[in-house]
Structure formats: C-alpha cells, structure tokens
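# Mind folding the following:
(2 chains)
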Amino acid sequence: MKIITATLLTFILSFIAGIYIEFWWSFVIISFLVGLFIHQKPFKAFLSGFLGLFLLWGVLSFWIDWKNNSILSTKIATLLPLSGSPILLIIVTAFVGGLLSGTSALNGSLLRKSNKD
Amino acid sequence: MKILSFLLTSIVTIGLTYFLNNSWGKIPALGKFLSPQHGVWQNAEPVDQDFSENIKLSDLQGKANVYFDDRLVPHIFAADDRDANFVQGYIHAKFRLWQMEFQTHAAAGRVSEIIGEKGVEFDRGKRRLGMVFAAENLLNELESNSITKINLDQYTAGVNYYIASLTKAQLPLEYKLLGYQPEKWTNLKTALFMKQMADVLSGFVEDLPMTAAKGFFNDEQLKLLFPQVPDSLLAIVLNGTPFSKPGITPIPPTSIDSLYLNPKSTSQPVDVNLPHPANGSNNWAVAGSKTKSGAPILANDPHLELSLPSIWYEMQITTSTMNAYGVSFPGVPGIIIGFNDSIAFGFTNSQRDVKDFYEIKFKEDKREQYWFNNEWKDATLRIEKINIKGKQSFLDTVSYTVFGPVMYDARFPADSANVKNLAVRWAAHDPSNEFLMWYELNRAKNYDDYYKAIQHFTCPAQNMIFASKKGDIAIWQQGRLPALWERQGIYVMPGWDSTYMWQGYIPQEENPHSVNPERGYVSSANQRPVDKTYPYFIPGNYDLYRGNLINKILDTMQNITPENMMQLHNENYNLFAATALPLLLKNTDESKLNESEKQFLTIVKAWNFKNNYDEIGPTVFKIWFDSLEALVWNDEFSKANSKKFRPGEKTLIEALLKDSSFSFVDNINTERIENLQELVTDALQKSTTKLQELEKEEKLPWSKFQNTTVYHLLKTILPFARAGLQVGGGQHIINATQHSHGPSWKMIVHLTSETEAYGVYPGGQSGNPGSKFYDSFVNQWTAGLYYKLWFMHEKDITSSEIKWTISFDKI
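The predicted structure is shown next:
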C-alpha cells in the first residue's frame, strides 16, 4: 500500500510545486522528501518516485497535447528527432521526469537507511 | 556502505538534474525543455484558447479595448492616441515578442549573443555598415519631435508591460529552444527595425563587383552590359511625359577620366551579403473612370523574404484622431500598409542606388587620420563590442569619415588579397523621421494630407501609392535622392577628393510622380521610374517585365472589380519568357538534337507562358535560359574574376533581339567564332542532363522545382516551416512567388463609401509554433484566395464577429 501512497504523494505534491515554483526541477525535492519520510525498500522507493512523475508528466503532456490537437508535439517530435510522433514525445517526457524523480526518491530513502545505521 | 550508496545516489541525482537542466550541443536542456509545467508543452496552445483578459494598470490616460475577430486580428479602440500606442506595443509583444527581439538583435549585429561564435562575421558586417549609428540618428530625430517621441515612448511601455508580466513558463518557444531570455524593449530597437528595412530595400551594393569587373572590361563595355534604360521600359511616369528643367546640375570632377572611369581595377569581387535581388513589390491604383463602381481601387503586394512568423501583423487601430486598418511591423507603432476611412496607401521599393563606396587612404595602420583634400583629417573612432555566447567579447574599431564608416579595411577586408579601405556613403545614415510620415498617413483624409505626410520620408525611397474616396489616385517616388553626375557611384570613388562627394539632392517636386493621369491608373513594380528624358542620372537595381505587363493589362481593363484585381495579383503570365522563348526557338538547330532533347523542346514549345504550379514548360525554359546565360557570360566574366555577378536577364535578351551577332556570344576561349545558334542549341543539350535528373526526382512540375517554402526565421528549424507549397509564379512575373520569397501581404482596397477591402499573407497572427494561428493563413494564400477584411466601427462592439476581448482599464 505504501507504494501507492508514495506515488500519489509524489504526483500531487510535485504538481502543486510545479504551479508555484519557477524552476522546473522542484519535484526533485518533493520526491526526495517522499523517499525520506515514507519507509520503503530502496527499489520500491525508486519505483514510486518514478511512477509519480512518469504519471504526472505523462498525464499533463497528454492532456496538453489533446487540447492542442498535437500541433506542437508533431513539430517538436520532428525536431528532436522522434519521427514526428506525439505519443513518443509524451513517453520520452514522462520517462525523463520519472527517471529523475525515481533517482531522487531512491536518494531520499538511502539517506534514511544510512541514518538508521 | 549505506552512506556510500547514499552519496553515490546524491551525485547521480544532482548530476542528472544538472544534465537535464543544460543543453548539450544540439540537444536542448531536456528536463527544462520537456517539463509540462515549465517547458515547451506550455507553448502548446489549446485550440479553443480564450484570448480574453482584463488588464488594470495606472499607465493609461483612459480606457482601451481590443476586439479580436475569428482570424485573431485585433481591432484596437482607444480614445487617446497614447493609449492606442501602449496597447499596440502590448499586443505586438503578446503575439510576436521573440520575432521582435530577434530581428532587432540581428539589425544591431547582436546575433552572436544568441548563437555564439558563428554569428560574429554577420554581426561585424552590421556594425561596420553603421546600422546602430543609423538607428541612433533616426532615434535622435524622432525623440526631438514631441508627437513621435510620446507615441514611441508609450509603444515601448506597452511592450515592456507585457515582458514584465511573463513567467519563465510563458516565454515564447524560441527562447526555450535557444536558452536565453528577453531583455527590455527600447525606442532604439524600433529605430533599428526601420534601419533593417532600409538595409533590405536600399542595401544592394553592385559598386564593388562593378569595380572589380573594370579589371577586364572598360567603362564603355560596362555601360553596354549594365545599361541604364531598357529598350522596352514602360516607366512609372508615362513614357514621353515632359520633365521640367533640373533644379540642380551636379558637376563631374575634372579628374573623372584619369582617377575614376579609366583606371583598371586590380581588386577581386567580393562575396558581400547582398539582399535578395527580388526584394520588390507591385502596387497600382485605378481611378473610378476604370472601375465598375466608379470608386478607385488600390492594390499592393510587397515582395519580401517569406517567413514564419511573418514580417507583417494585421490589425486595426481606432482613436479620436484616426481609424486605420492594415498590416503593421511587429516592433513599430502604427499601420504601415493599409487604409483608413478616407484613403488607402501602399508601397513598392524604388530600387534607387543610395549607397556608394569611397576608397580611403589612411595615414597609418591605426586608421585615425585619412587624406582628404590635400590634408590629413581626423577620423572618428567607434568601438564596437560584440558579445559572444560562451566566449569572450570581441572588440572591433570602426573609423568614421566624412562619407560614413569605413566598412572594409585590413581588419575586415572585402578582398583579402588586395586590401582596400572602403568607406560607405549611405542615405540611411542621414537623420530623418520616417515615423512622422506614418503618423500623418494613418490620419490623412485627402491627397494634400498624403502629399504633406510623405515629405517626412527619406530612405529607403519608395513608390508611394495613394487613392482616396474623393476619387484621387497618385504615386510619388519619395525619398531624399542624390543628384548624381553621369556614372557617379557606379564604381568605388576616390575618397581623398571632395569633388567626388554627393553634391546635393534632387528637389522634392522633381521626384518622379503621377497624379490623376489621363490613362486612369498609376502603378509601379520596381521598374526604372522614368524614361531616358529624365534630367538626372539615376542608377538602381530595377526590374522590368512585371511592370511592363501590369501596365499593358491595366491599359486594356475597364469596369474593373476587386475580383479582377485579385486575378491580376495572381497572374502567372511570364512576359520575360514570352519575349525570350521565340528567339531561343528560332535559334535552335533541331537537326543536332537527340530524342530526349527533342522531347523537352516539344514541351517548352507547347507551353502557354503561364508559370502555373503544374506546368513543366517553365522549368524547361528556366534551365535552358540559365544555361544559355552561362555560355554567353562565363567566358568573359571568369576573366573578370567574377563568380556570380552578371548582366541582367533583360539585358541579354534585349541585346540579342537587337543584334543576334552580339559580340559576347562568342566564346573568347576558343579560336573560332561561335554564333547564337550554336550557343542556344548547346544550352538546350546541356539542360537536358539536368532536366532528366529532375524528371527522376519527379521535380519537373514548376511548383516542385521552385519548392516554395515559408521558413521559420531560424531557417534551420525545418519543422516550423511550411515547405513545398503548391503555388505558381516566379521571377519577372506579377505573382512574384519564388522559392522563399514573394508576395508577403496582398491587399486590395475598394474605396466605396463603405470601404471594401481584401487581404492575405502567408503566415498567421500568432508567432507561436504551438498555436493554430501560427500558419493559419498559409493555405488561403497558397490558393490565391483572400480574406474580406472586417473594418470595424464603434457601433460594432456587440457584433458576433468579435470572438475575444482584451480590455485595459485605468486604475
């Protein structure tokens, strides 16, 4: 159950931080704190951090893309290059957010473990 | 052990954050860039975006409203002119901020700040041309006039109000891609934009390649190869119109033969950055006597480099002193081409040469003193600091002389093998207040107002067309134009003798013009404005065939409607080809042709001279003629060390029509004397190889060959461009659409009591590649269609045409 709580917390708190904080990596701090305070094994901590942001960035970019009729994502996905595929761009977006968030959550959980020792 | 793994993941987390926060070569900062709440996704504008907002601020005099129609064209209503300028600045910035800043950075020679070291040579060229110097001179003038000063101050305040309201997430996409941020707008930036237009429209420099060509040809030959008046010219002022005695007669220097015309040049031609040779335009106005309604119709289509975002932004501005609709330049207050309740106005470029070069003799390498009228004269030194992204700044010292800046010298040579110090005398450096013209033109009610307004305009000289609801039509070639002695400014002139300087200007009333002419129309298409009886020497980079065809067609037209004018804008008839092709066909020796050569000959024979998008004839003709040109000129011009510089197509064809044994036809590298038939046939044979390649690539149809493309201002970002548009037209054609160049705004105004106007440009109102309004007009433009322009009045504020409203309230 903890993995769901941690994922949801990461998702919600990162979203709120993203609204109020001007720099894009505010979620790194959120994921770290969630990893620190919700006791999980390192792998699970990573997974919930990853999933929290993967879902957040995935859902947000999917929603934006849907409202935009993929006008911009098609162009950016041609530029990057992701063969002009909006879905690929959404997946890459989600993965980039997830990877960094997971790493940070793992970092938080390891800090807790090293303190216990 | 656990501490170690914690430290390790800390390093990984921080490292990954750092990696994703920075760009690496061509890869943008992926985290920053892809973050849905901060990055590029934020620029993906919902297709049902609500543009309405309410803004409260203290900087206003009163209330202002901006009503947007379904094409996102803003209609600004403000009682006070100052507020209208503030709001225009705000709206320009809201939809076109990145473009405004990028274009003025380029004008000021500041692109290195954005793109790094590869921009340095470009920046130095702009600085050394004196672009900032020119803009400062303009700024002084417009800030010393109370009207232009206050309007521009308010415009700038409006732009900056918008910039201050932006969060990082809201920054235009290009800032995120290139990784920088907007700076504050200034009045100088607006002046820089105007000077950029002056550079585009009066910056062509043939003086250097002409001088280099003198290493092989003599002046008499160059007169023949670059003639002043084409035989078939139909000028802007009806041929045969008498001119009054000139008010000024410039005196040629006594040393003209020994110092200027005769010396053989030793310099090599340079690859200077030339503005596009097809920068030009069409405009015409027909009087009520020729229209179905009895009211005048005015048409204008300026031909410029096509870009996304477009150079134009469509809008209407209504205040207690004006009600004007048309297109504006993002970065500049007012309506640039358009109409108001009483008149319509438009422009084509005059193509007059107002930029000359002088060779300077410096006392020593520091270039602080130069020889002038038998003494050493102090130069003013201007130090240009070019900031470079990721590198140390570059300092460049430019010497200013009585003529202007020494653009080329040992530090920045035009020809590194033979360094010369070349100062540029350019009319765009002279103080003037062009803004006052637009201020008055936007408010003009009749011919007298128009005539008074255009007096403020000095450079780049324009063919200013006019029509009024009172029934007047007029065209003036307006600008402050030097009175030159015969051959002055064709070559680089001696810079140590004041008798080679410009001696004065053609009196204003002697500028070419036509007011309510008997033939019932006025028109211009960048041709020479007058026939050879005009009492001044007026070199320039003139076109011919577009203007000739417009005149021929307008001569025959009666009962004209706006639809007829649209057809004329979209006319694809190639008068140049119709003049040249019969001569080519007459001189083709068919007995020497093989089957595939004959096949292309058959295609071009059957062609109707229309450069329609699906025709193959224009492709065959173009390649054939280019190939003939190369055969005629390359032998001589390679001896003159010139790679690109050649006589015009009109010159070659007029010469061959007069005399098929034109001496340049002979290949001087062979013993025998070639004739025209050999060259024409050889050219077709050579073309066939290229045509067969095109056939394999399926690029024979004209639009596939031209591949008309509207590029993003950063030409390399191809996904932001609209490529391969299915559109006809071309060089020498009224529909002047070429590869990346053409009609940048097409406008037709019917001056009936209720104004009826049409317009379209190949772009969209939003500069954001993530908006559906980014390129929303491109298809309509490609199809040759127009939008009916909604000239909104105060009574229309409840109209269902209004989709969004931005209101500005004073607090």
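# Would you agree residue A:105 is in contact with residue A:33?
No - Residue A:105 lies out of contact with residue A:33 (CB atoms under 8 Å); the separation is 9.1 Å. C-beta: built from backbone N, CA, C; applies to glycine.
# Now the nearest residue to residue A:22 once chain neighbours are set aside: phi and psi?
On the basis of CB to CB, 6 or more residues apart in numbering or on different chains, the spatially nearest residue to residue A:22 that is not a chain neighbour turns out to be residue B:168, at 5.4 Å. In terms of degrees, to the nearest 10, the main-chain angles of residue B:168 are phi -60, psi -40.
# Now do the contacts for whatever residue of the stretch 601-750 of chain B ends up closest to chain A.
Residue of the stretch 601-750 of chain B nearest chain A, by CB to the nearest CB: residue B:719 (3.9 Å). Counting by CB atoms under 8 Å, 6 or more residues apart in numbering or on different chains, residue B:719 touches A:74, A:75, A:76, A:78, A:79, A:84.
# try 7 Å
A:75, A:78, A:79 (CB atoms under 7 Å, 6 or more residues apart in numbering or on different chains).
# Can the helix ranked longest in chain A be said to contact chain B?
Assignment by DSSP state H gives helix A:86-116 as the longest helix of chain A. Yes - contact of helix A:86-116 with chain B (CB under 7 Å from any CB of the partner chain) involves A:92, A:93, A:96, A:100, A:103, A:104, A:106, A:107, A:110, A:111, A:113, A:114.
# any idea which element the residue nearest the centre of chain A lies in?
For chain A, residue A:53 is the residue whose C-alpha lies nearest the centre (CA atoms, centre = their mean; 1.7 Å). Taking DSSP states H and E as the definition, one finds residue A:53 inside helix A:42-67.
# and the biggest strand by length in chain B, what's its mean pLDDT?
Ranked by residue count, the top strand of chain B under DSSP state E comes out as strand B:297-305. Averaging pLDDT along strand B:297-305 gives 96.
# likewise stretch B:107-121?
On average, stretch B:107-121 scores 95.
# The residue lying closest to residue B:744 once chain neighbours are set aside: neighbour count?
In this structure, residue B:744 finds its nearest non-sequential neighbour in residue B:304, 4.3 Å apart by CB to CB, 6+ apart. The number of residues packed near residue B:304 is 24, by other CB atoms under 10 Å in any protein chain shown.
# Now do residue B:304 against residue B:547, distance only.
When distance is defined by CB to CB, to the nearest Å, residue B:304 is 18 Å away from residue B:547.
# got the contact list for residue B:44?
Residues counted as contacts of residue B:44 (CB under 7 Å, 6+ apart) are A:64, A:65, A:68, A:71, A:72, A:73, B:770.
# repeat that with 8 Å
By CB under 8 Å, 6+ apart, the neighbours of residue B:44 are A:64, A:65, A:67, A:68, A:71, A:72, A:73, B:770.
# Mind checking which of those are buried?
A:64, A:65, A:68, A:71, A:72, A:73, B:770 (16 or more other CB atoms under 10 Å in any protein chain shown).
# Would you map out the domains in chain B?
B:55-230+B:240-275+B:313-324+B:333-343+B:351-520+B:530-543+B:798-811, B:575-706 (automatic domain parsing).
# quick one: the strands in the stretch 601-750 of chain B?
Applying DSSP state E, counting those that start in this stretch to the stretch 601-750 of chain B gives strands spanning B:708-712, B:722-725, B:741-743, B:746-750.
# most packed of these?
Counting by mean count of other CB atoms under 10 Å in any protein chain shown, strand B:746-750 has the highest mean neighbour count of these, with a mean of 27.
# quick check: angle from the next helix or strand after it to strand B:746-750?
Following strand B:746-750 in sequence order, the next helix or strand is strand B:756-760 (DSSP H and E). Here strand B:756-760 runs at 180 degrees with respect to strand B:746-750, directions being taken by axes from the mean of the first three to the mean of the last three CA atoms, to 10 degrees.
# What residues sit buried inside the helix or strand that strand B:756-760 is followed by?
Going down the chain from strand B:756-760, the next helix or strand is helix B:778-782, by DSSP H and E. Within helix B:778-782, the residues scored as buried using 16+ other CB under 10 Å are B:778, B:781, B:782.
# from those, which single one is nearest chain A?
residue B:778 (13.4 Å).
# Can you check what pLDDT the model gives that closest one?
Residue B:778 carries a pLDDT value of 98.
# Now for it: which residues touch it?
Shown in contact with residue B:778 (CB under 8 Å, 6+ apart): B:710, B:722, B:725, B:762, B:763, B:764.
# Specify which member of the buried residues of helix B:778-782 is nearest to residue B:244.
Checking those against residue B:244 with CB to CB, the nearest one is residue B:781 at 43.2 Å.
# right, and that closest one touches residue B:764 too?
No - judged on CB under 8 Å, residue B:781 makes no contact with residue B:764 at a distance of 10.2 Å.
# Excluding chain neighbours, what is closest to residue B:699?
Once flanking residues are discounted, residue B:699 sits nearest to residue B:705: 5.4 Å by CB to CB, 6+ apart.
# Kindly indicate which of the buried ones among the contacts of residue B:44 lies nearest residue B:146.
residue B:770 (41.5 Å).
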